[in-house]
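Novice: Sequence first, predicted model second:
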Amino acid sequence: MTVLGTHIRQRRRTEAVNSQPHEPTAMQMLIVTGDPEIRKDAIINHDGEEKVCFSIQRQGDWHGPDEVQLWCTIGTEDERETFEKREYVPNWLDVDTIDAEALDVVQANNELSV
């Protein structure tokens, strides 16, 4: 009986989470191998489209691989509000990897280029 009750509670919790309508997002996680010296709010070209780096997490400085990895949450400027309000599930984002040398950086940080 306890197992069945637990199953029902879990199903209801899942239905409650999934019942909220969410628009599909084009945001994705981009793992950059190496350091292209970009920071938060950098603008890059990825898949032929300009994307904004909403957040960047630096991985591998201490115990990681030989090269550092930057885990970037990227998307279009229209998706900034969705990112800031956390109206997406980070674990469900598509993941892509790229080498730092192959990354096309338009603007390295949020300061205007002169």
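Specialist: Great, that's in hand.

Novice: ok, the residue lying closest to I98 once chain neighbours are set aside to E84 distance?
Specialist: Distances taken as CB to CB, 6 or more residues apart in numbering place V32 nearest to I98, at 5.7 Å, with adjacent residues excluded. Using the backbone N, CA and C atoms, a C-beta is placed for each residue, glycine as well. Going from V32 to E84 by CB to CB, to the nearest Å gives 22 Å.

Novice: Have a look at those two and say which one is more surrounded.
Specialist: V32 (23 against 9; other CB atoms under 10 Å).

Novice: what does the model give that one for pLDDT?
Specialist: We have a pLDDT of 96 for V32.

Novice: ok, it touching C72?
Specialist: Yes - between V32 and C72 there is a contact under CB atoms under 8 Å: 6.4 Å.

Novice: Could you name every residue contacting both of these two?
Specialist: I38 (CB atoms under 8 Å, 6 or more residues apart in numbering).

Novice: List the contacts of T73.
Specialist: Counted by CB under 8 Å, 6+ apart, T73 has contacts 27-30, 53-56, 83, 90, 93.

Novice: repeat that for 7 Å
Specialist: 27, 29, 54-55, 83 (CB atoms under 7 Å, 6 or more residues apart in numbering).

Novice: Is it possible to mark the buried ones in those residues?
Specialist: In terms of neighbour count (16 or more other CB atoms under 10 Å), the buried residues within the contacts of T73 are 27, 29, 54, 83.

Novice: Export those residues as a markdown table, with columns for pLDDT and distance to K40.
Specialist: Converted to a markdown table, the buried ones among the contacts of T73 look like this (pLDDT from 0 to 100; distance: CB to CB, whole Å):
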| residue | pLDDT | distance to K40 |
| --- | --- | --- |
| M27 | 95 | 15 |
| M29 | 97 | 15 |
| F54 | 96 | 7 |
| F83 | 95 | 11 |
